[in-house]
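Here you go, sequence then predicted model.
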Amino acid sequence: MNFDIPHYLLVALAALAAGFVNAIAGGGTLITFPALIFLGLPPVTANVTSTVALCPGYFGATWAQRGLLGGGRRRLSRLLPVAAAGGLCGGLLLFASGERTFRFLIPYLIFLASLLLAVQGPVRRRLALLAERRGEAAQEGNKDASEAAALSLLGVGAAAVYGGYFGAGMSVVILGVLGLTMRDSLTRLNALKQSIALATNLAAAILFAFSGRVRWLAALVMAVGALAGGILGGRLANRISPSLLRGLVVGLGLALGLYYLLT
């Protein structure tokens, strides 16, 4: 299908919104992926184009929150390679499963992503309480710290595989893993999450770029919108209500999942 100016305007606006909500609440794929499907792209093509297009948005959000990493910079050297490897594996799994299987899984993936976003608020509150309790507790032994580090690597790797395959809701899983396995403030863990999500998305995007399935002009138009949305969302992350955006995206995801399931 050939796109015209209204089509490119639609995907640019979808990417702008996706970059914005990814930086604040997550779930941007639930906006860009259906928009590309609506315009007639096959599901796998829509997915890989969306992944490539949203990469600048992840970069923008990561750059905007880079000052919040603090001591997390050292942890990145362990987690980023795992995230990149997981994203690559997820992308390979997408191609291995094929168009028919992915088309069948679409409504269930959307429902899963919507569920992950729906529980993000309670997960964040629970993680904040856990961080507070840890701050009052005695220091853990080396064995406990070593086990927590191993669990964080496994959890981030699993989340990255899912992120490379589809992506929506990936950030929720990553933040949950970090909160359960690391002792730090939720603000800094969120900044660490942004970097891990960027590594995952970038690895999958590089794979997809050489697959011959990316609609490049649409991806470039969307990339500009996603970058602008990611930067804006990253700067306004502490001023906009995540629960409001999350509720809107979850509602959209549930409606889309039901639509794809029925049709």
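Right, received. Where do you want to start?

In terms of pLDDT, where does Leu245 sit?
Turning to Leu245, the model gives it a pLDDT of 73.

List the contacts of the closest residue to it other than its chain neighbours.
The shortest distance from Leu245 to any non-neighbouring residue, by Cβ to Cβ, 6 or more residues apart in numbering, is to Ala25 (4.3 Å). Backbone N, C-alpha and C define where each C-beta goes, glycine included. Taking Cβ atoms under 8 Å, 6 or more residues apart in numbering, we find Ala25 in contact with Leu117, Gln120, Pro242, Ser243, Leu245, Arg246, Val249.

which of these has the most neighbours?
Highest neighbour count within these: Val249, with 27 neighbours (other Cβ atoms under 10 Å).

In contact with that residue, which residues are there?
Applying Cβ under 8 Å, 6+ apart to Val249 gives the contacts Val21, Ala25, Gly26, Gly27, Leu30, Ile31, Ser114, Leu117.

Could you identify the helix or strand that succeeds the helix or strand hosting the first one?
Secondary structure assigned from DSSP states H and E places Val21 in helix 5-24. Per DSSP H and E, helix 5-24 leads on to helix 29-38 as the next helix or strand towards the C-terminus.

Between helix 5-24 and that next one, find me the angle.
Counting by axes from the mean of the first three to the mean of the last three Cα atoms, to 10 degrees, helix 29-38 lies at 160 degrees to helix 5-24.

And the residue nearest to Leu245, its phi and psi?
When read as degrees, to the nearest 10, the backbone of Ala25 gives phi -120, psi -20.

do you know how far it is from Phe33?
With distances taken as Cβ to Cβ, to the nearest Å, Ala25 is found 16 Å from Phe33.

Only the buried residues of stretch 60-68, if you could.
By 16 or more other Cβ atoms under 10 Å, the buried positions in stretch 60-68 come out as Gly60, Ala61, Thr62, Trp63, Ala64, Gln65, Leu68.

for those, which one is nearest Arg215?
Gly60 (21.5 Å; Cβ to Cβ).

Mind pulling the model confidence for the closest one?
Looking at Gly60, the pLDDT reads 76.

I'd like to know how far it sits from Leu192.
Taken as Cβ to Cβ, the span from Gly60 to Leu192 is 17 Å.

tell me which residues in stretch 93-101 are buried?
In terms of neighbour count (16+ other Cβ under 10 Å), stretch 93-101 has its buried residues at Leu94, Phe95.

Tell me how many other residues surround Arg75.
Counted with other Cβ under 10 Å, the neighbours of Arg75 add up to 20.

And the one 3 residues further on, by the same measure?
Burial measure for Arg78: 12 neighbouring residues, criterion other Cβ under 10 Å.

my guess is it meets Ala150, correct?
No. With contact defined as Cβ atoms under 8 Å, Arg78 does not count as touching Ala150 (10.3 Å).

Perfect, that will be all.
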